[in-house]
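Colleague: structure for the following, please:
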Amino acid sequence: MSSEKLYEKARLMMGATEEERLRKARARTVVMTRILRAQAKAQEVTPEMLARVCNI
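Modeller: Just a heads-up that it's a prediction; the model follows:
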């Protein structure tokens, strides 16, 4: 595969312009933030959980 084809493939994957790449990166960041927020909420220690563990 020639270097021109490799560059073209990379441009198609990453976006042709800097603005497009930034837009895609921001979209990925939003998705990752939502995932991490949900995981943090699932691991949150509630007063009920703490009371149950401390009473054991």
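
Colleague: what about V45, which SS state?
Modeller: With DSSP: H, G, I helix; E, B strand; the rest coil as the basis, V45 sits in coil.

Colleague: measure it to R11 for me?
Modeller: 47 Å (CB to CB, to the nearest Å). Where you see a C-beta, it was placed from the backbone N, CA and C, and this is true even at glycine.

Colleague: the more surrounded of those two?
Modeller: The residue with more neighbours, out of V45 and R11, is R11; 13 against 8, by other CB atoms under 10 Å.

Colleague: pLDDT at the residue sitting nearest the centre point of the chain, what is it?
Modeller: By CA atoms, centre = their mean, the chain has its centre lying nearest to M32, at 2.2 Å. On the pLDDT scale, M32 is placed at 98.

Colleague: pull out the buried positions in whichever helix or strand it is part of.
Modeller: If you go by DSSP states H and E, M32 is part of helix 18-42. Neighbour-count burial for helix 18-42, counted by 16 or more other CB atoms under 10 Å, picks out no residue.

Colleague: helices or strands up against that helix?
Modeller: Helix 18-42 is packed against no helix or strand, with contacts defined by 3 or more CB pairs under 8 Å, 6 or more residues apart in numbering; DSSP states H and E.

Colleague: show me how far that helix is from its chain's centre.
Modeller: Put simply, helix 18-42 sits 4 Å off its chain's centre (CA atoms, centre = their mean, to the nearest Å).
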